[in-house]
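Asks: Below: sequence and its predicted model.
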Amino acid sequence: MKKAIKGIIFALIFCIMVEAISVALLPWEKVKKYGLYNTSAYEIVAEKDDSVDVIFLGDSLVYSSISPMEIWDGYGYTCYDCAQPAQIMPYAYDYLKVAIDSQHPKIVFIEANILFRDPQKLPLYKKIAYRIVNYIPIFKYHSNWKKYFTHDKNSWLNVNKGYIYITGIKASKKDPFNYMDVNDEVEVSILPENKECFDDMVSMCEENNIKLVLLAVPSQKSWSRSKYNMVKELANEKDIEFIDFNLDNDLEIDWATETKDKGNHLNYWGAKKVSDFLGEYMESTGLLEDHKNDPYYKSWHTAYSIYKEKLK
Amino acid sequence: MSFFNPVFAFAFIPFVVIIYNLFPKKLRAGVLLAISLLFFAFVSKWLIIYLLLSIISVYVTGISISKLEEKKKEALKTVEKEEKKSVKASYKRKEKFVLVLCIIFNVTFLFFFKYLNFFAVNANLLMDYFKIGHRITIVKHVAPIGISFYTLEALSYVLDIYYGKIEADKNILRVALYLAFFPQVLEGPIARYSDTAKSLYEGNKVTFESFNYGYQRILYGFAKKLIIADRLNIIVKSVFEDFNSYNGFTVFIGVAAYMIMLYMEFSGTIDIVIGIGEMFGVKVPENFRQPFFAKNVSDFWTRWHISLGLWFKDYIFYPVSLSKSMKNLTGKAKKKLGNHYGPLVSGSVALLAVWLLNGLWHGAGWHYIFFGLYHFFMILMGNIFDPSVAKVCEKLHIDRHKKGYRIFQSVKMTFWVFIGELFFRAPSLTVAFAMLRRMFDTFSFRVGELFTLGMDRKDYVVLMIGLVGIFIMGIVHEKGINVREEISKKKLVTRWAILYAFILVILIFGAYGQGYVPVDPIYADF
């Protein structure tokens, strides 16, 4: 009995210490304002208030295909990949809600592959783990100890703005011209709950005067003609734009060198092509301003120089 | 599954401990065996059948040899004195036949999964060279995890019975548990039956103290892997994947980083295995003993992967060097070369066999064979020149036992071992030689280049502190001090403070998550 009590006390003290360190590894101002969970779960919260122009929602296709720093370098627009691995629509909705609490984005892109993911299929243990990890941020943000050793006030920010830099190559052997038809063998549908969630996001964007765009990044595994048709139909129904890189816009992706995993996700070189195209698109909307000379965005220059250093 | 997966460390181990303790003592060995087999099946799926076949084969062989031995004893009672020799020889032949059958049976699996393709590729090359219009089809297949480890354990069991070191076990569950014990089956150590079988089967309760004691060792393994090995992986990957972009100094650092990473990853894994063993009251043998403090390459291999070295020593080196033909050779060589160099001749033949097999055990590739031959050469050179070095030192009044000379020896040994590991890690012999050339041709102290490998200054600082910490621990262990026992003598507050600090240091400074790529379990592939 005595040993059990000792064990419990040991565990309790340990939990308190872990939690205290977890808080110390996040920007305190943001924790105070948005709470520990939100600051930990949604990286965009760490950004300066009202500093992000464009948000990308979606799964791994987003954080492997769109590099906000490339767009910053080319156009001076501030973008953020609010993406999570295997993101489901309810999580995308939560992310958008939290993001527009502190930001006033002009454009929100949704990588439409998440419309086809069944939220119920995400195992319960993964949902629980997702919650736990965000309540104990030490696991996710442990490397933030480094930020105590720098004088840069903005050092808490994610340098890649949600993008995950990958240079690995695993060439695809699929036919680059007909993968959309080949993938059609798998039956897909937009589940009603995802549609409902999407409708809520459309309303949220309308209320906040945000331009919503549907997006399909190049992926030889995740995209198919049926998915394309369904998203196109949904876009028409809601009168929103749909930018597709699998059928409509040919980025001339070299599937031998610009994919990290045999055609499912792009690597850096593929992501650069997508980002360049999106930057050009954003410019064509006339909704955004170049912030490069605005002192409020000084930290983006710092982030870009670190990003560029990594590219070397 | 990697032992460094949080699910394994923080969920699987506590779960196993709880389930195990829930059962009465009599049933615990069965529970542990069931968990071990399920674990193996989880990792290797249906390939578990090969592990089961190995278990059955060595069990049956052990019993057969034991029965033959009994029959021999019975027969010896009834025969005349002059016939005894031939009866003994006859039974020895039968026992040998059973033993060889078992060895062939087990080695065939190992050969099929690990070496068949290597030999097929080389046979095809030879056939192409001699313009023979025939080709052997290369079939890719996945090997059961840990096959190189459990096969050696299985063979040691039957060989020990054959040599009369142990009795054959009549309980197949005990034999199965000895071979399949879940933490050990993936990466060893290659324990002997006499080391672990008995204590594994005892079903000792996991107490609060044994759990705590074992977990401390596990944490030490985590620290080595997460703080050091996974950080060094950044340097290793950068250098080995694109060595032509770096100068000789950086390439050397990459090679050194690989050696240290290998040590931290493998010995860290062994810490976890030993820690789990301690929880269950099982003394899994140590596999490392401060290898970088060794005075020469030969000494290094008595401190690095000890269980493998001992296996080769007991089952290859001694049988070869003590065989009749080698004894004859030693006799003749002694007459011609004297008492030092004479025995060296037969010893070297045995050593060559050991290192060829050691290289091949690590993998099917010419660079692994070269790795083995390299160490054979280094050890042989040490054996040949040691008397001359001793004489030179004596003439120069250098005390070989003094600290300064020992440090010089360790540094020299470490350099040679680094070079050996370069051949081990490089994808081919050609690449290894190209890296070696680059190391010397373009050597210059451009320290700044180290910061282009993907690690920032803060990471380097953590790495250096980690290495110094492990080095100090090495000195303490070398002096025979058991740190965990020393800690256990402290007051509760101090004990807890040390434990908290240790866990938090791993959690905060571990190189996991975004920006880091964990080292794959290197030895699990062998």
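Replies: Yep, that arrived.
Asks: Leaving aside the residues adjacent along the chain, what's closest to residue B:127?
Replies: In space, and not counting its chain neighbours, residue B:127 is closest to residue B:134: 5.8 Å by Cβ to Cβ, 6 or more residues apart in numbering or on different chains. Using the backbone N, CA and C atoms, a C-beta is placed for each residue, glycine as well.
Asks: ugh, typo on my part, it should be residue B:101
Replies: Nearest residue to residue B:101, sequence neighbours excluded (Cβ to Cβ, 6+ apart): residue B:61, at 7.5 Å.
Asks: could you measure that neighbour against residue B:281, distance?
Replies: Computed as Cβ to Cβ, to the nearest Å, the residue B:61 to residue B:281 distance reads 29 Å.
Asks: Look at the two and report which has more neighbours.
Replies: Set side by side, residue B:61 and residue B:281 show more neighbours around residue B:61, with 27 against 16, by other Cβ atoms under 10 Å in any protein chain shown.
Asks: where does the helix or strand hosting that one sit relative to the chain's centre, distance-wise?
Replies: Per DSSP states H and E: residue B:61 is located in helix B:48-78. Computed by Cα atoms, centre = their mean, to the nearest Å, the chain-centroid distance of helix B:48-78 equals 28 Å.
Asks: Flag every buried residue along it.
Replies: Neighbour counts over helix B:48-78 (16 or more other Cβ atoms under 10 Å in any protein chain shown) mark B:48, B:50-51, B:54-55, B:57-66, B:68-69, B:72 as buried.
Asks: Stretch B:463-482 and chain A in contact?
Replies: No - contact of stretch B:463-482 with chain A (Cβ under 8 Å from any Cβ of the partner chain) is absent, the minimum separation being 12.7 Å.
Asks: got the contact list for that stretch?
Replies: B:223-224, B:227-228, B:231-232, B:260, B:264, B:289-290, B:292-293, B:455, B:483, B:509 (Cβ atoms under 8 Å, 6 or more residues apart in numbering or on different chains).
Asks: mind running it again at 7 Å?
Replies: With contact meaning Cβ atoms under 7 Å, 6 or more residues apart in numbering or on different chains, stretch B:463-482 is reached by B:224, B:227-228, B:231, B:290, B:293, B:483.
Asks: Helix, strand, or coil at the residue in the stretch 351-500 of chain B positioned nearest to chain A?
Replies: Nearest to chain A, among the residues of the stretch 351-500 of chain B, is residue B:458, at 4.7 Å (Cβ to the nearest Cβ). On the three-state scheme (DSSP: H, G, I helix; E, B strand; the rest coil), residue B:458 is labelled helix.
Asks: confidence score at the nearest residue to residue B:144 once chain neighbours are set aside?
Replies: With Cβ to Cβ, 6+ apart as the criterion, residue B:144 has its nearest non-adjacent residue at 3.8 Å, and that residue is residue B:47. According to the prediction, residue B:47 has pLDDT 92.
Asks: Toward the C-terminus, what is the element adjacent to the helix holding residue B:61?
Replies: helix B:81-110.
Asks: other SSEs contacting that following helix?
Replies: The helices and strands touching helix B:81-110, judged by 3 or more Cβ pairs under 7 Å, 6 or more residues apart in numbering or on different chains; DSSP states H and E, are helix B:48-78, helix B:147-162.
Asks: okay if I get the ones you listed as TSV plus distance to residue A:104?
Replies: Output for the helices and strands packed on helix B:81-110, formatted as TSV (distance: least, Cβ to Cβ, whole Å):
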stretch	distance to residue A:104
helix B:48-78	58
helix B:147-162	60
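Asks: How far away from the center of its chain is whatever helix or strand residue A:108 lives in?
Replies: According to DSSP H and E, residue A:108 maps onto strand A:107-111. When C-alpha coordinates are averaged (Cα atoms, centre = their mean), strand A:107-111 and its chain have centres 10 Å apart.
Asks: Run through the residues that contact residue 196.
Replies: You didn't say which chain, so I picked chain A. If you count contacts by Cβ under 7 Å, 6+ apart, residue A:196 has none.
Asks: other chain: chain B
Replies: Per Cβ under 7 Å, 6+ apart, neighbours of residue B:196: B:178, B:181, B:282, B:284.
Asks: Right, I'll call it a day here.
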